[in-house]
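>>> model this:
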Amino acid sequence: MKPLLACLGLTFGLLLLTAALFGSPGAAYLVTTAGLPHFILGFVFAGLSVLHGRPERRRILLALGAVSVAACLLYARFPVFDLVTAYFVIHMFRDEVYMDLSRRARFDARAVAAAGSGAGGTGAEAGLLPHELSRAWLAGRVFMLVALAAFLLARVSVSQRQPMTGDLFADAAVHLTGSVSLDLAIGAGVALLLGLLALAPRRGFAALHLPLEARDFLALFLIVAFAGHLRQATLFLALFHYVSWYLFYGEKLAARERAAGDQAAPGPASFWRRAMTRPRAFTGLMLAGNALAVAGLLLYLWRPEQLWPLAAGYEYAYFPYWTIPHVTLSFVPRR
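Numbering: from 1, shown residues only. Next up, the predicted model:
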């Protein structure tokens, strides 16, 4: 659970610091600004992966692109923001399952691909039995559906509360319950429960008729269910996803580099090829992308009337039009 808890701590820290310094608008701009490089690079990575992949993957990408356009038009006609967030929850949880399986298999892509297919993939190189990965895959899928249901129920509950009228900290209605002290107690309870899950032995999960592989997904379910009751649920979950993806991809590339050792080919490679396969190049690209996004935000806030086209990248109202295609195109097969 270490990656999950680290990601959770970073997410809370970034949101709370931004909200304390700039209030609610600052938290919204944090997520849209951090989202731009995540979305754009995700589109580029998907395109390059498909371009160099099998022909049927290109057809799938085109079909999903058409679905994305149709979904954006549907949202423009019926702007139900919480449904977009629910769609994002599926994407986030699905990615978290993939990340967990990859870490368990020590980034053996073949074992991960075979985990839920019943194809009898091996995890022997990672010291795992095939059924252990399959159990983790199944637990992840089950908890994804349960988390989605809990999130939707939470959003229905939130919709019954009074609308937000003030600052993220000054207005009590923004909080989970309307009471700052009770919110802190609930947050402490969730943190304690996550800590107990991290320490729980295998025997404790057996008593609940749950495999130990379900622990991380149970913790993620608690995070999604808790976030669903927050006024800023989308901001929290989106930032959680960005942080988690950056940590995972850097960890994945570093593991591959260590495994390759002296056998890694030092020959010339394209800029994007280096960014997709080498940890330092990837880190540099992420830092540069986020720095450019922040510079663009400062420029937009300086002259919003003259630079109004930039609103499409930074204003929260346009966020669903980035989220919908990002989530939809993520369903392109990874291999």
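>>> run through the helices of the chain in chain order.
Ranges of helices within the chain are 2-51, 55-77, 81-104, 109-115, 130-159, 180-199, 202-207, 215-228, 233-260, 271-277, 279-302, 311-314, 319-329, based on DSSP state H.
>>> now the third one: mean pLDDT?
If I follow you right, that is helix 81-104. In this model, helix 81-104 has an average pLDDT of 91.
>>> then the last one?
In this model, helix 319-329 has an average pLDDT of 93.
>>> same for that helix, what does it pack against?
Packing partners of helix 319-329 (3 or more Cβ pairs under 8 Å, 6 or more residues apart in numbering; DSSP states H and E): helix 2-51, helix 55-77, helix 81-104. Every residue, glycine included, has its C-beta placed from N, CA and C.
>>> okay if I get these as JSON lines plus distance to Arg274 and mean neighbour count?
Below are the helices and strands packed on helix 319-329 laid out as JSON lines (distance: least, Cβ to Cβ, whole Å; neighbours: other Cβ atoms under 10 Å):
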{"stretch": "helix 2-51", "distance to Arg274": "12", "mean neighbour count": "17"}
{"stretch": "helix 55-77", "distance to Arg274": "22", "mean neighbour count": "14"}
{"stretch": "helix 81-104", "distance to Arg274": "21", "mean neighbour count": "20"}
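>>> which one of the helices of the chain has the lowest average pLDDT?
Among those, helix 202-207 scores lowest, at a mean of 64.
>>> excluding its backbone neighbours, what's nearest the residue nearest the centre of the chain?
Centroid-nearest residue in the chain: His241, 2.2 Å away (criterion: Cα atoms, centre = their mean). Spatial nearest neighbour of His241, chain neighbours left out: Met92 (4.7 Å); criterion: Cβ to Cβ, 6 or more residues apart in numbering.
>>> one more: Tyr249?
Nearest one to Tyr249, counting by Cβ to Cβ, 6+ apart, is Phe282 at 6.5 Å.
>>> same question for Cys7.
That would be Ser244: by Cβ to Cβ, 6+ apart, it lies 4.5 Å from Cys7.
>>> quick check: that neighbour vs Arg77, distance?
Distance of Ser244 to Arg77, given as Cβ to Cβ, to the nearest Å: 32 Å.
>>> before we move on, what about Val158?
Counting by Cβ to Cβ, the gap from Val158 to Arg77 is 23 Å.
>>> let me know how buried Ala291 is, in neighbour terms.
Ala291 has 11 neighbours, counted by other Cβ atoms under 10 Å.
>>> check the one 10 residues further on too.
Counted with other Cβ under 10 Å, the burial measure for Leu301 works out to 13 neighbours.
>>> and for Ala260?
11.
>>> residues in contact with it?
Listed by Cβ atoms under 8 Å, 6 or more residues apart in numbering, the contact set of Ala260 is empty.
>>> what do you get for Tyr316?
Tyr316 neighbours (Cβ under 8 Å, 6+ apart): Ala28, Val31, Thr32.
>>> could you redo the last one with a cut-off of 10 Å?
Ser24, Pro25, Ala27, Ala28, Tyr29, Val31, Thr32, Phe81, Thr234, Leu235 (Cβ atoms under 10 Å, 6 or more residues apart in numbering).
>>> one more: Arg103?
The contact partners of Arg103, by Cβ under 10 Å, 6+ apart, come to Lys2, Pro3, Val112, Ala126, Asp216, Phe248, Glu251, Lys252, Ala255.
>>> and for Pro309?
Tyr300.
>>> and the gap between it and Tyr300?
Taking Cβ to Cβ, one finds Pro309 at 9 Å from Tyr300.
>>> repeat for Arg110
45 Å.
>>> who's more crowded, those two?
Neighbours per residue, other Cβ under 10 Å: of Arg110 and Tyr300, the larger number sits with Tyr300, 20 against 14.
>>> is it true that the more buried one touches Gly313?
Yes: using Cβ atoms under 10 Å, Tyr300 makes contact with Gly313 at a distance of 7.9 Å.
>>> anything in contact with each of the two?
With Cβ under 10 Å, 6+ apart as the test, Tyr300 and Gly313 both reach Thr33.
>>> so how far is stretch 220-233 off the chain centroid?
Computed by Cα atoms, centre = their mean, to the nearest Å, the chain-centroid distance of stretch 220-233 equals 13 Å.
>>> show me which residues of it are buried.
220-233 (16 or more other Cβ atoms under 10 Å).
>>> ok, back up a step: which one of the helices and strands packed on helix 319-329 lies nearest to Phe319?
Smallest distance to Phe319 across the helices and strands packed on helix 319-329 (Cβ to Cβ): 5.8 Å, for helix 2-51.
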